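S.K.: One predicted model, sequence on top.
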Amino acid sequence: MDKKLSVYNSLSRKKEEFKPIHEGRVGMYVCGPTVYSDVHLGNCLTFVRFDVIYRTLLHLGYKVRYVRNITDVGHLLDDGEDRISKGARIDQLEPMEVVQKYANGFHDIMDIFNALRPNIEPRATGHIMEQIAMVEQIIKNGYGYEVNGSVYFDTIKFAEQTGKYGELSGRVIEDLLVETRDLKNQSDKKHPADFAIWMNASPEHLMRWPSPWGEGFPGWHLECSAMSTKYLGKTFDIHGGGNDLKFPHHENEVAQNVGACGCAPANYWLHTNMLLMNGRKMSKSDGNTISPEELFTGDSPHVSKGYHPMIIRFFMLQSHYRSELNLTDEGILSAEKGYKRLMECLKSVGSLEAKGSKATPLDEEILSLLNQAEEDMLDDFNTPKAISRYFELCNKINGLKEGQLNLGDVLPSTIEKLVKDFNAFVHNVLGLKDVSDSESGAILDGVMQLVIQLRQGAREEKNWAASDKIRDGLAALDIQIKDGKEGTEWSFK
RNA sequence: GGUCGCGUGGCCGAGUGGCUUAGGCACUGGUCUGCAAAACCAGUUACAGCGGUUCGAAUCCGCUCGCGACCUCCA
């Protein structure tokens, strides 16, 4: 925490030094999914990226309250039907069954991606009272009006009086004023830019609650305003989400919070960029899409084989969170090789025995790379750059291990720090797990040691036929034999 | 159409005025090896196009082309 963290703030459109409201503590709210269908891979990317941001803050020593909501009401389709209600109608389920089913699926996938769970995961339906109270406050402050049991946010009035509308998304008020748009079922609005904060429930609408304006349900943007206020306070540190939420969702959130309490909700707004596939937007409608499961199993025309979730996670982290990520089979394949190299190296660094007694250029270079990697993470969470430092460190580590570099040129204290930082970076910050650990186990390793001994015996007798037969046979099982200076090792290909 | 952003070598992907040979993958050569693989070393391929600012631009400005996001479905 004594180190300076800089973050790119969407509000100011530049990097700023991060200063929490309360010393040593961070309140972070990230917009979670609307649980009306199976989780989209793009959602996974967003939440993995915020997972690394969360982990980095923890690693820096901050006490973080990480709140990520689940939207389970109020998010409407083009035709005005609630997303959840539609799912319930089609599948003949209770709305809450739909919500539970997809929330479970979402949690399962995020667990597979090794994303830490948030500290609080509030649901919109569990905070109807808070949302009604906020609507009342907005009306009281003059920024809401009721028509036929629905309450709308008076965007134009808010914009004119506060000048606060459009700051985040870059909208211009004049453009709003001239905007005309034919909206279905929303003709009660005074202006197209107005948005519902409470909606009257039609007789067939399944999800409904009593309110001062009759039976209805909360508007889509309202739950985030109400729940972030409840759990993090009227103003908190970080608000995040995908940049497709910038407008209207986040802009309207700001308007609601300012409209209700007169204060801006978050000091720093962080937005992640979108996932592309083969250079084009991942979209269900034109078939340019792949689900997490298909990516893991390889059951898709877009990939040549299945990939372990940790490889996908590593692939995701090799791009910066504010950049688009282009998912290609070739890209993941190269990430897979890089990932395995990194993890193999992490394993071998622990067995290095430094023999140096004074600082050398090599020693300094290692320490410098470690510092640079840390600075990269402090510079707006630059995971790809930090990862590149560790790849450079891998060259040093492998060189020391194989004898191209001299263990007498590094201090034991340097190796100690290298081991500690490397492990913390890979496991705690990037949140990567070693794939082969789960695949191997002690028994297989024991068997492999035996096989390696037998092969070594054959080699000593120059029985190349036998030794190569063992090697080729193992290779066919995707097990690689590595003859090094210090003996033979094995790993999965 | 409006607003904003992007365009880096065979692929992925950092870098925003002057040494980053970024890094990964691929490829080529070398060291090592019984031969390989792995590892290490070295090397090739670059900044969409055109013009401008500057002593100097991938980096700033303008135009053109291409791509993407948002403009009440989106992570």
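M.R.: Ah, there it is. Everything numeric here is computed off the predicted structure, so don't read it as measured data. Numbering: from 1, shown residues only, chains lettered A, B, ... in the order given.
S.K.: Which elements pack onto the helix or strand where A:Phe296 lies?
M.R.: Taking DSSP states H and E as the criterion, the element that holds A:Phe296 is helix A:292-297. Applying 3 or more Cβ pairs under 8 Å, 6 or more residues apart in numbering; DSSP states H and E, one finds that helix A:292-297 makes contact with helix A:41-59, helix A:95-112, helix A:309-317. To be clear about C-beta, it is placed using only N, CA and C from the backbone, and glycine gets the same treatment.
S.K.: let's go with 7 Å and repeat that
M.R.: Using 3 or more Cβ pairs under 7 Å, 6 or more residues apart in numbering; DSSP states H and E, the elements in contact with helix A:292-297 are helix A:41-59.
S.K.: quick check, the helix it packs on touching RNA strand B?
M.R.: Yes. Where contact is defined by Cβ under 7 Å from any atom of the strand, part of helix A:41-59 touches RNA strand B, namely A:42-43, A:45-46.
S.K.: How about A:Leu45, nearest residue that isn't a chain neighbour?
M.R.: Here the nearest residue to A:Leu45 in space, its sequence neighbours aside, is A:Leu275; by Cβ to Cβ, 6 or more residues apart in numbering that works out to 4.7 Å.
S.K.: okay but A:Tyr102 is in contact with A:Val35, surely?
M.R.: Yes. Proximity of A:Tyr102 to A:Val35 meets the contact threshold set by Cβ atoms under 7 Å, at 3.9 Å.
S.K.: out of the two, which sits in the more crowded spot?
M.R.: A:Val35 (24 against 21; other Cβ atoms under 10 Å).
S.K.: So the more buried one sits against A:Ala103, correct?
M.R.: Yes. Taking contact to mean Cβ under 7 Å, the distance of 4.7 Å between A:Val35 and A:Ala103 places them in contact.
S.K.: Touching both of the two, which residues are there?
M.R.: A:Ile70 (Cβ atoms under 7 Å, 6 or more residues apart in numbering).
S.K.: one step back: let me know the distance separating the residue nearest to A:Leu45 from A:Glu97.
M.R.: Using Cβ to Cβ, to the nearest Å, one gets 29 Å for the distance from A:Leu275 to A:Glu97.
S.K.: Look at those two and report which has more neighbours.
M.R.: Looking at A:Leu275 and A:Glu97 with other Cβ under 10 Å, you find the greater number of neighbours at A:Leu275, namely 23 against 13.
S.K.: Would you mind listing the residues in contact with that one?
M.R.: If a contact means Cβ under 7 Å, 6+ apart, then A:Leu275 has A:41-42, A:45, A:282, A:325, A:327 as its contacts.
S.K.: Format those as TSV; extra columns: pLDDT, neighbour count and distance to A:Ile109.
M.R.: Conversion of the contacts of A:Leu275 to TSV gives the following (pLDDT from 0 to 100; neighbours: other Cβ atoms under 10 Å; distance: Cβ to Cβ, whole Å):
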residue	pLDDT	neighbour count	distance to A:Ile109
A:Leu41	92	21	9
A:Gly42	90	21	12
A:Leu45	94	26	12
A:Met282	80	21	16
A:Leu325	90	22	17
A:Leu327	91	22	16
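S.K.: which of these lies closest to RNA strand B?
M.R.: Out of the contacts of A:Leu275, the one with the shortest distance to RNA strand B is A:Gly42. That distance is 2.0 Å, counting by Cβ to the nearest atom of the strand.
S.K.: The closest one reaches A:Lys284, doesn't it?
M.R.: No. Using Cβ under 7 Å, A:Gly42 and A:Lys284 do not qualify as a contacting pair, with a distance of 10.6 Å.
S.K.: any idea how far A:Leu474 is from RNA strand B?
M.R.: Per Cβ to the nearest atom of the strand, to the nearest Å, A:Leu474 is found 10 Å from RNA strand B.
S.K.: Measure how buried that residue is and give me the count.
M.R.: As a burial measure, A:Leu474 scores 18 neighbours (other Cβ under 10 Å).
S.K.: excluding its backbone neighbours, what's nearest it?
M.R.: A:Ile481 (5.9 Å).
S.K.: Doesn't the one you found lie inside a strand?
M.R.: Yes. With DSSP: H, G, I helix; E, B strand; the rest coil as the criterion, A:Ile481 is located in a strand.
S.K.: So, low pLDDT: which residues of the stretch 1-150 of chain A?
M.R.: A:1-2, A:74-82, A:84 (pLDDT under 70).
S.K.: Can you tell me which residues in the stretch 251-400 of chain A are near RNA strand B?
M.R.: Taking Cβ under 7 Å from any atom of the strand as the test, the list of the stretch 251-400 of chain A residues beside RNA strand B reads A:272, A:274-276, A:279-283, A:315, A:318-320, A:323-326, A:328, A:330-331, A:333-335, A:337-338, A:341, A:344, A:382, A:384-385, A:387-388, A:391-392, A:394-395, A:398-399.
S.K.: What residues are bridge-paired with A:Ala196?
M.R.: Applying DSSP bridges to A:Ala196 gives these bridge partners: A:Tyr152.
S.K.: I'd assumed A:Pro218 was in contact with it.
M.R.: No. The pair formed by A:Ala196 and A:Pro218 falls short of the contact definition of Cβ under 7 Å, at 8.7 Å.
S.K.: Between those two, which has more neighbouring residues?
M.R.: The neighbour comparison of A:Ala196 against A:Pro218 (other Cβ under 10 Å) goes to A:Pro218, with 27 against 24.
S.K.: Surely that one is in contact with A:Gln131?
M.R.: Yes. Contact criterion Cβ under 7 Å: A:Pro218 and A:Gln131 qualify, at 4.3 Å.
S.K.: show me the contacts for A:Asn9.
M.R.: Residues in contact with A:Asn9 (Cβ under 7 Å, 6+ apart) are A:16, A:268-269.
S.K.: Try it again at 10 Å.
M.R.: Remark: with contacts taken as Cβ atoms under 10 Å, 6 or more residues apart in numbering, A:Asn9 is in contact with A:15-16, A:18, A:238, A:266-271, A:380.
S.K.: Next up, phi/psi of the residue in the stretch 101-250 of chain A that RNA strand B sits nearest to, please.
M.R.: Checking the stretch 101-250 of chain A residue by residue against RNA strand B with Cβ to the nearest atom of the strand singles out A:Gly242 as nearest, at 1.8 Å. Its backbone dihedrals place A:Gly242 at phi -70, psi 150, with angles given as degrees, to the nearest 10.
S.K.: Can you report how many residues neighbour it?
M.R.: For A:Gly242, which is what you asked about, the neighbour count (other Cβ under 10 Å) is 22.
S.K.: Tell me the bridge partners for it.
M.R.: Listed beta-bridge partners, A:Gly242: A:Thr272 (assigned using DSSP bridges).
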